[in-house]
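J.: The following block contains a protein sequence and its predicted model.
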Amino acid sequence: MALITWSSSMSVKVKEFDEHHQKLVKLLNNMHDAVEAKKGNDVIEKVLNELISYTRYHFAAEEKMFDTHKYPGTPKQKQAHADFTKKLLDFQAKFKSGNAIVDILLMNFLKSWLTTHIMGDDKQYGPFFNSKGVS
Ligand SMILES: [Fe+2]
């Protein structure tokens, strides 16, 4: 069963970033599926790496757009992105050294961070970018 389902209520009114968020939801669900299917650490590591690298790609794309249009919420967003990226990289390092496991606690944390970030910080940039002709 999917851990998280993207719905139009999560739209940030910028097509490119809605697509990114949908892909993030998909990658998180892939991780959930892999854990539920009790896949080995090699498979889990692969989905974890994929989720982390796509998250970094997405944050970079958003930040580029923030900078281009001088979005006023940029410092708050960049700080949130940096804090979350650090958590992900710390976890990835622990996982690789055998000192952490991907479990439901981690996935619930990721689910909660992602939905809260999209519904809060990200939704705030929609009207701003729309006013700049980006939709
Ligand atoms: Fe985002």
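T.: Arrived safely, thanks for sending.

J.: Identify each buried residue in the helix or strand containing residue 105, please.
T.: Using DSSP states H and E, residue 105 falls within helix 104-117. In terms of neighbour count (16 or more other C-beta atoms under 10 Å), helix 104-117 has its buried residues at 106, 107, 110, 111, 114, 117. Just so you know, the C-beta spots here come from the backbone N, C-alpha and C atoms, and that holds for glycine as well.

J.: Of those residues, which is the nearest to residue 128?
T.: Closest to residue 128 out of those is residue 117 (16.4 Å), distances taken as C-beta to C-beta.

J.: Can you tell me how far the closest one is from residue 40?
T.: Taking C-beta to C-beta, to the nearest Å as the measure, residue 117 and residue 40 are separated by 30 Å.

J.: Count the neighbours of residue 92 for me.
T.: 16 (other C-beta atoms under 10 Å).

J.: Average pLDDT for the longest helix along the chain, rounded please.
T.: In the chain, assigned by DSSP state H, the helix with the most residues is helix 41-68. Mean per-residue pLDDT for helix 41-68: 97.
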